[in-house]
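Novice: Just the structure for this:
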Amino acid sequence: MFLLDSSASVSHYEFSRVREFVGQLVAPLPLGTGALRASLVHVGTRPYTEFPFGQHSSGEAAQDAVRASVQRMGDTHTGLALAYAKEQLFAEAAGARPGVPKVLVWVTDGGSSDPVGPPMQELKDLGVTVFIVSTGRGNFLELSAAASAPAKKHLHFVDVDDLHIIVQELRGSILDAMRPQQLRATEITSSGFRLAWPPLLTADSGYYVLELIPSAQPGAARRQQLPGNATDWAWAGLDPDTDYDVALVPESNVRLLRPQQLRVRTRPGEAGPGAGPAPTQLAALPAPEEAGPERIVISHARPRSLRVSWAPALGAAAALGYHVQFGPLRGGAAQRVEVPAGRNCTTLQGLAPGTAYLVTVTAAFRSGRESALSAKACTADGPRPRPRPVPRASTPGTASREP
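Specialist: This is a model prediction of the structure:
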């Protein structure tokens, strides 16, 4: 489902650019009966469904409908639109197909007039993968919490005129999330959860190895071998409010199958009557010793400088250091600053007042691997340099006279 900010906080020009972007995303998607289905919902004072799931049987038809959509204006009630999406579009009672992966792509200018966190978490609890595209005026920490983990894969900060740059990458990520061969967690409690996956093997073609590792205690790993015809397994006796890294390793004697990984967080405590589903975070994870940076924070923005901070890479001993690259979003030479391992902030100097910059922080590891994360930053407005007065030229052979 595409959730489009159609409120009055978005200019008509921005809306037209975003509308074209969504049309480019949806056009090549394989829509149809028994395949993918797409829907478009507008954010305004009240949510408005441009077209529901199943209305269009081709990407081209959906693109035409997106291009014909009209800006709704009004307030930016994103939280209300998310609750509407859950009840009217994503719930099985509303006709959603059980067992089918679900994706939400929220395109926003970054602001909302009502809370977004709780209704977004309810969608994640239903197993919805959330991608967020912000045109740059949003709070990074709030948006990274709203997007599915890891944020560097599911959250994009892009200038409205540069949205075309991420079309191919985002479409590929959407298709990856829609593929059903993904490991998932259900029935999450404070002491355990159930894992489920589609059949990848048979009893004769191999077996599975399940690995469970508490994120804070890698030495307390647990392993379980399962037959090739297994499609689920329940872990019990776990600690509450704890992150666990899970890996499903198919061992096949017929073909090579890649391991599947995710992270699951157990509930803080025993659920009481009427409690909702447990919060679940699913994410494909790199090796634990080579992860990060996870988020970027921009602060102390002044006309010619700003401060960049980031969550340090996991396994600090494995990181050789960081390099921070920055350049104007609307064109211009990029610059680079080296930051040694052990530090996770730097101040960028010599910037232009009132200018948007793309800042990329890259962690370099001893293995040779690099992990990068980008964010948009804006310097504060400031006085522009005044032009110097041009001296008057004197005529040769003349002199000034005293009055």
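
Novice: With only the CA atoms kept, save the worst-scoring helix or strand of the chain on mean pLDDT in PDB.
Specialist: Using mean pLDDT, DSSP states H and E, strand 370-378 stands out as the lowest-scoring helix or strand of the chain, at a mean of 80. Presented in PDB, the C-alpha positions along strand 370-378 are these (Å, rounded to 0.1, in the frame of the first residue of the first chain):
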ATOM      1  CA  GLU A 370      32.000  -1.100   4.600                       C
ATOM      2  CA  SER A 371      28.600  -0.100   5.900                       C
ATOM      3  CA  ALA A 372      27.100   3.300   5.100                       C
ATOM      4  CA  LEU A 373      24.100   5.400   6.100                       C
ATOM      5  CA  SER A 374      22.900   8.800   4.700                       C
ATOM      6  CA  ALA A 375      20.800  11.600   6.000                       C
ATOM      7  CA  LYS A 376      19.800  15.100   4.900                       C
ATOM      8  CA  ALA A 377      21.000  18.100   6.800                       C
ATOM      9  CA  CYS A 378      20.400  21.800   6.400                       C
END
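
Novice: Any buried residues in it, and which?
Specialist: Applying a neighbour-count criterion of 16 or more other Cβ atoms under 10 Å, the buried positions in strand 370-378 are 371, 373-378. Glycine gets a C-beta too; all of them are placed from N, C-alpha and C.

Novice: And the furthest pair within those residues?
Specialist: Comparing every pair within these by Cβ to Cβ identifies S371 and C378 as the most remote, at 24.9 Å.

Novice: Low-confidence stretches in the stretch 301-403 of the chain?
Specialist: The model of the stretch 301-403 of the chain has pLDDT under 70 over residues 311-319, 367-368, 383-403.

Novice: whoops, I mixed them up, the chain
Specialist: Within the chain, the segments meeting pLDDT under 70 span 34, 92-95, 98-99, 136-137, 180-181, 255, 270-294, 311-319, 367-368, 383-403.

Novice: Residue ranges of each domain in it, please.
Specialist: Each structural domain of the chain that the record assigns through automatic domain parsing is listed here as a residue range: 2-178, 184-265, 296-378.

Novice: Endpoint to endpoint, the longest one covers what distance?
Specialist: In this case it means domain 2-178. Using Cα to Cα, to the nearest Å, the gap from the first to the last residue of domain 2-178 comes to 14 Å.

Novice: What helices and strands are in contact with the least confident helix or strand of the chain?
Specialist: Of the remaining helices and strands, those touching strand 370-378 by 3 or more Cβ pairs under 8 Å, 6 or more residues apart in numbering; DSSP states H and E are helix 151-154, strand 155-157, strand 296-302, strand 305-310, strand 356-365.

Novice: Determine which of those approaches A234 most closely.
Specialist: Put simply, out of those the one that sits nearest A234 is helix 151-154, at 27.7 Å, with distance taken as Cβ to Cβ.

Novice: so what secondary structure elements neighbour the closest one?
Specialist: On a contact count with 3+ Cβ pairs under 8 Å, 6+ apart, helix 151-154 meets strand 128-134, strand 370-378.

Novice: got those as TSV, with distance to I298 columns?
Specialist: Compiled in TSV, those are given as follows (distance: least, Cβ to Cβ, whole Å):
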stretch	distance to I298
strand 128-134	13
strand 370-378	4
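
Novice: So for G44, which of these sits nearest?
Specialist: That would be, of the helices and strands packed on helix 151-154 and by Cβ to Cβ, strand 128-134, which comes in at 18.0 Å.

Novice: chain center to the closest one, what's the gap?
Specialist: 5 Å (Cα atoms, centre = their mean, to the nearest Å).

Novice: go on, stretch 6-13?
Specialist: For stretch 6-13 - counting by Cα atoms, centre = their mean - the centre lies 22 Å from the chain centre.
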